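Peer 1: What follows is a predicted structure for the sequence shown.
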Amino acid sequence: MLNISKNNINKNIDFKKYQSLVWISKKTDSKLFIKILYFLFGFLLILLFFPWTQNIRSDGFVTTLNPDQRLQTLHSVIGGRIEKWYVKEGDFAKKGDTLMYISETKDQFFDPNLLINTQSQIKAKEQGVTAYMDKVKSLDNQIDALLETKRLKLTQAQNKFKQARLAIVSDSISFQAAIANYQITNKQYNRFKDLHKKGLKSLTDLEIKKLALQESLSLRIKAENKLLTTRNMLINSRVELLSIKSQYVDKIAKAESEKQAALSAMYEAESIVTKMQNQYMNFSIRKGYYFITSPQDGYITRSIRAGIGETVKEGEDLMSIMPSNYDLAIEVFVDPIDMPLVHKGEKVRIIFDGWPSVVFSGWPSISYGTFGGEVYAKDKFISKNGKFRILIAPDLSDHSWPEMINVGSGATGITLLNDVPIWYELWRNLSGFPPEYYLKELD
C-alpha cells in the first residue's frame, strides 16, 4: 500500500488475515498486475480501431417468395349445403382433386332436368328466330317483285303517255289541215256565190260548192273532236302514271313495314336466345361448383367448416391449404429510421428459431449457425405495426437454408451495412445517431 498519510495503520492491522492485501503488498506481484492492466488497456485501445460491420437487426418470420405459394383459404363460390368430405386435415391433395361436395339450396336450381329443359327452350326460340328469318326473306322477295312490277307498269304507262303525246301531235296536224281545207272551201263558196249573182255560175255549181263547204266543216269538227279526245287520253295516261307510282309506293311501304316488324321480332328472339344460352352456361358452370377442388398441390391444414348438412354462404371460408412446392423467404420489419439504408440486393444474415447459432453481428465472418440472404423487395408504405416490411430471399452464393424450416416459424434478419471502426460505432450509439449512411444505387 502507499504510505501517503503520516498516520500509519500497519501496526493496527494484521495483513495475514486478508489474502488480497498480502498479494498486493508483494512488490513483484504488484508489478505483474500493473503490466496486465497496461496490456489490457492497450489491447482495448487497439481493439477500438478494429473494423466493425454496422447492421440493422429486425425480427420476422418465414414466408414464401411468391404469393401463390403461401397458405391459401378455399372458398365456396356458391351457397349450398355440405354433403360429403373427401379429405381430412393433414391429407395431401393434388391439383384438381375433389375435396368436398355441396348441394344446392336455392329453389330455382332444384330441377334435376334444369339443363335439358333450358336446352329445349333454347331450341324452340332458335326455331322462332328461323321462322322470322324466313318471313324476312319472303318479304324481301315480295318487295323485289313489287319493285319489278312497278318498273314494268311505269314503263307501260310511260309508253302510253308518249303515244298520247304523239297522237296529239298527229291530230293537231290533221286539225290544222281541216281548218285550212275549210277556209279554202269557204273562200271558193263565196267566190262562186258572187259569180252566181253576176250570172257567171249556175245554181248547180253553187250548190256543189256549198255541199263541199259543209263537208269540210264536218271534217274540221271531227278533227277537233279527235284532238280533244287525244288530249284527254294524254291526261288519263299522266293520271295513270301518278296512280301507279302512288299505288306501288304504298304497297312497298307496307311490305317494308312488315319486314321491319319481322326483323324487330327476330332480333328480340335472338336476344332471348342469347340470354337463355348465357343462362344455360351459368347453370352448367354452377353445377361444376358443387365440387370443391384443390387449386394446386398441397396439404390440408385446417377445416374451417365441419359436419354434414351444414349450410355455407357464397364466398365463405371452408378450409385452408398449404402448397407443397414453395420458395422460402423471410419477412422482417425495420424501423423507419433504418429504412433509407436498406436497398434491394443488400446482404443479410439470418437466424432461424430453433436452429443453434452463435452470432457476432459486427463480425459476420466468425458467426456460426447463421444463413445468408439478400433483400428481395421492400414496401413503399408503412405497415400497421409502424414499421416497413422487408422481404428477404436466399443468397444463392451462400450455403442453402435448412430443409426442416417451416413456413411461419420465427426468424431474425441482420442487415449488413458499412464497415467502420469500433470506436466510431461506440460513439454513434452513445450519441444516438443512425448507422453510417453510404450512397448506393436506389432500388
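Peer 2: Ah, there it is.
Peer 1: Run through the stretch 251-400 of the chain and note the low-pLDDT ranges.
Peer 2: 356-369 (pLDDT under 70).
Peer 1: quick one, strands of it?
Peer 2: 291-293, 298-303, 311-312, 317-323, 328-334, 347-352, 371-378, 388-394 (DSSP state E, counting those that start in this stretch).
Peer 1: of all those strands, which lies closest to residue 161?
Peer 2: When those are compared by CB to CB, strand 291-293 sits nearest residue 161, at 81.3 Å. All C-beta spots, glycine's among them, are computed from the backbone N, C-alpha and C.
Peer 1: Burial check on residue 314, number of neighbours?
Peer 2: 11 (other CB atoms under 10 Å).
Peer 1: Repeat that for residue 313.
Peer 2: 11.
Peer 1: Once you drop chain neighbours, what's closest to it?
Peer 2: Excluding its sequence neighbours, the residue lying closest to residue 313 (CB to CB, 6 or more residues apart in numbering) is residue 79, at 5.1 Å.
Peer 1: would you put the C-alpha positions of the helix or strand hosting residue 42 in CSV?
Peer 2: Using DSSP states H and E, the secondary-structure element containing residue 42 is helix 27-47. Presented in CSV, the C-alpha positions along helix 27-47 are these (Å, rounded to 0.1, in the frame of the first residue of the first chain):
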residue,chain,number,x,y,z
LYS,A,27,6.3,-5.8,-5.0
THR,A,28,6.8,-8.4,-7.7
ASP,A,29,3.2,-9.3,-7.9
SER,A,30,2.2,-5.7,-7.9
LYS,A,31,4.4,-5.0,-11.0
LEU,A,32,2.9,-8.0,-12.8
PHE,A,33,-0.6,-6.8,-12.1
ILE,A,34,0.3,-3.3,-13.4
LYS,A,35,1.7,-4.9,-16.6
ILE,A,36,-1.5,-6.9,-17.0
LEU,A,37,-3.6,-3.7,-16.7
TYR,A,38,-1.4,-1.9,-19.2
PHE,A,39,-1.7,-4.9,-21.6
LEU,A,40,-5.5,-4.9,-21.2
PHE,A,41,-5.7,-1.2,-21.7
GLY,A,42,-3.5,-1.3,-24.8
PHE,A,43,-5.5,-4.3,-26.2
LEU,A,44,-8.7,-2.5,-25.7
LEU,A,45,-7.3,0.7,-27.3
ILE,A,46,-6.1,-1.3,-30.3
LEU,A,47,-9.5,-3.1,-30.3
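Peer 1: Give the buried residues for stretch 269-287.
Peer 2: 269, 270, 272, 273, 276, 280, 283, 286 (16 or more other CB atoms under 10 Å).
Peer 1: related to what we said a few turns ago, in its sheet, what does the helix or strand following the helix holding residue 42 sit against?
Peer 2: Following helix 27-47 in sequence order, the next helix or strand is strand 51-64 (DSSP H and E). Strand pairing for strand 51-64, determined by DSSP bridges: strand 328-334 (antiparallel), strand 410-421 (antiparallel).
Peer 1: most tightly surrounded among those?
Peer 2: Highest mean neighbour count of the strands paired with strand 51-64: strand 328-334, a mean of 22 (counted as mean count of other CB atoms under 10 Å).
Peer 1: roughly how far out does that strand sit from the chain middle?
Peer 2: Taking CA atoms, centre = their mean, to the nearest Å, one finds strand 328-334 lying 33 Å from the centre of the chain it belongs to.
Peer 1: relative to strand 371-378, how tilted is that strand?
Peer 2: 70 degrees (axes from the mean of the first three to the mean of the last three CA atoms, to 10 degrees).
Peer 1: What lies in contact with strand 328-334?
Peer 2: The contact list for strand 328-334 (CB atoms under 8 Å, 6 or more residues apart in numbering) reads 56, 58-65, 342, 348, 350, 373, 376, 383, 385, 387-394, 401, 405, 407, 411-413, 415.
Peer 1: From those residues, keep the buried residues only.
Peer 2: Among those, those buried by neighbour count (16+ other CB under 10 Å) are 56, 58, 60, 62-65, 342, 348, 350, 373, 376, 387-394, 401, 405, 407, 411-413, 415.
Peer 1: Make JSON lines out of the strands paired with strand 51-64 and add distance to residue 132.
Peer 2: Output for the strands paired with strand 51-64, formatted as JSON lines (distance: least, CB to CB, whole Å):
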{"stretch": "strand 328-334", "distance to residue 132": "63"}
{"stretch": "strand 410-421", "distance to residue 132": "71"}
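Peer 1: Which positions within stretch 76-90 qualify as buried?
Peer 2: For stretch 76-90, by 16+ other CB under 10 Å, it's 76, 78, 80, 82, 85, 87.
Peer 1: Widest-spaced pair of these?
Peer 2: 78 and 87 (19.9 Å).
Peer 1: which residues does residue 321 bridge with?
Peer 2: Where residue 321 sits in a bridge, its partners, by DSSP bridges, are residue 72, residue 300.
Peer 1: now the helices for the protein?
Peer 2: For the chain, the helices defined by DSSP state H cover 19-25, 27-47, 114-197, 203-288, 422-431.
Peer 1: per-stretch mean pLDDT over those helices, give me the minimum one.
Peer 2: Per-stretch mean pLDDT for those is lowest at helix 19-25 (a mean of 64).
Peer 1: ok now do the closest residue in space to residue 272 that isn't next to it in sequence, which residues does it touch?
Peer 2: What sits nearest to residue 272 in space, not counting adjacent residues and going by CB to CB, 6+ apart, is residue 125, at 5.4 Å. Counting by CB under 8 Å, 6+ apart, residue 125 makes contact with 269, 272, 273, 276.
Peer 1: change it to 10 Å
Peer 2: 269, 270, 271, 272, 273, 274, 275, 276, 277 (CB atoms under 10 Å, 6 or more residues apart in numbering).
Peer 1: Does the last one touch residue 119 like I think?
Peer 2: Yes - in terms of CB atoms under 10 Å, residue 277 counts as a neighbour of residue 119; the distance is 9.5 Å.
Peer 1: ok, the spatially most distant residue from the centre of the chain to residue 211 distance?
Peer 2: Within the chain, residue 199 marks the point farthest from the mean C-alpha position, 122.3 Å out by CA atoms, centre = their mean. The gap separating residue 199 from residue 211 is 21 Å, by CB to CB, to the nearest Å.
Peer 1: Next: residue 142.
Peer 2: Taking CB to CB, one finds residue 142 at 65 Å from residue 211.
Peer 1: Identify those among the buried residues of stretch 76-90 that sit within strands.
Peer 2: By the criterion of DSSP state E, membership of the buried residues of stretch 76-90 in strands covers 80, 82, 85.
Peer 1: I'd assumed residue 389 was in contact with residue 381.
Peer 2: Yes - with contact defined as CB under 10 Å, residue 381 and residue 389 form a contacting pair (9.1 Å).
Peer 1: Now do the same contact list for residue 87.
Peer 2: 93, 97, 98, 99, 100, 292, 294, 299, 300, 303, 319, 321.
Peer 1: mind running it again at 7 Å?
Peer 2: Going by CB atoms under 7 Å, 6 or more residues apart in numbering, residue 87 touches 93, 99, 300.
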